[in-house]
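Visitor: Prediction below, plus the sequence it came from.
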Amino acid sequence: TALVAVPYLLQRIMMENINTYYFGLFANKVETGLRIHSLFPGTDPQASAAQGSLLSAVAAANLTVDAYAGSVNNAVSIAYNLIDRKLFSLPKLALLPSMLASQPLLVMLVLPANIG
C-alpha cells in the first residue's frame, strides 16, 4: 500500500500547490481589474467622464473599494473551493468500484460513516 500511497500523496501535494499558486494569480488579476480597470477605465475623453462619475459614486458610497474587492474575492474563493473539491473527489469515486469488489464488507462499514 505504501507503493501506491506515496506517489498519490506526492502528486496530490504537487497539484494542490500548483492550484493554489494559480488561484492566487487569478484572484490578484480579478482584484486588480476591480480596483484599477473599473475605477480608471481609460484615457480617452469619454472614459474620463465615466471615470469622474465612478469615482464620485465610490466616494459617496458607504463602502470602500476595499470592501467591494473583499466581496469579489470572497465570491471567487467560494467558487474556486467548490470546483476544487468536486474535481479532487472524482479520483476517489473512481476507486470505489474496485474497493467494493475487493473489500465489500469494509466498504459497507466505512461508507456510511463517511457520508453521515
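Guide: Noted; the coordinates are in hand.
Visitor: Tally up the residues packed near residue 23, please.
Guide: Counted by other CB atoms under 10 Å, the residues lying close to residue 23 total 15. Every residue, glycine included, has its C-beta placed from N, CA and C.
Visitor: Could I get the contacting residues of the closest residue to it other than its chain neighbours?
Guide: Residue nearest to residue 23 in three dimensions, not counting chain neighbours: residue 80, with 5.4 Å by CB to CB, 6 or more residues apart in numbering. Applying CB atoms under 8 Å, 6 or more residues apart in numbering to residue 80 gives the contacts 23, 26-27.
Visitor: Now residue 81: which helix or strand?
Guide: Following DSSP states H and E, one finds residue 81 within helix 65-102.
Visitor: Any regions of the protein where pLDDT drops low?
Guide: Applying pLDDT under 70 to the chain flags residues 1-2, 38-55, 57-59, 113-116.
Visitor: Name the residue closest to the centre of it, please.
Guide: Residue closest to the mean C-alpha point of the chain, counted by CA atoms, centre = their mean, is residue 80 at 1.9 Å.
Visitor: how far away is it from residue 61?
Guide: Plainly put, residue 80 is 27 Å away from residue 61 if you go by CB to CB, to the nearest Å.
Visitor: do the same with residue 17
Guide: Distance, residue 17 to residue 61, using CB to CB: 38 Å.
Visitor: same deal with residue 88?
Guide: Between residue 88 and residue 61 the computed distance is 39 Å (CB to CB).
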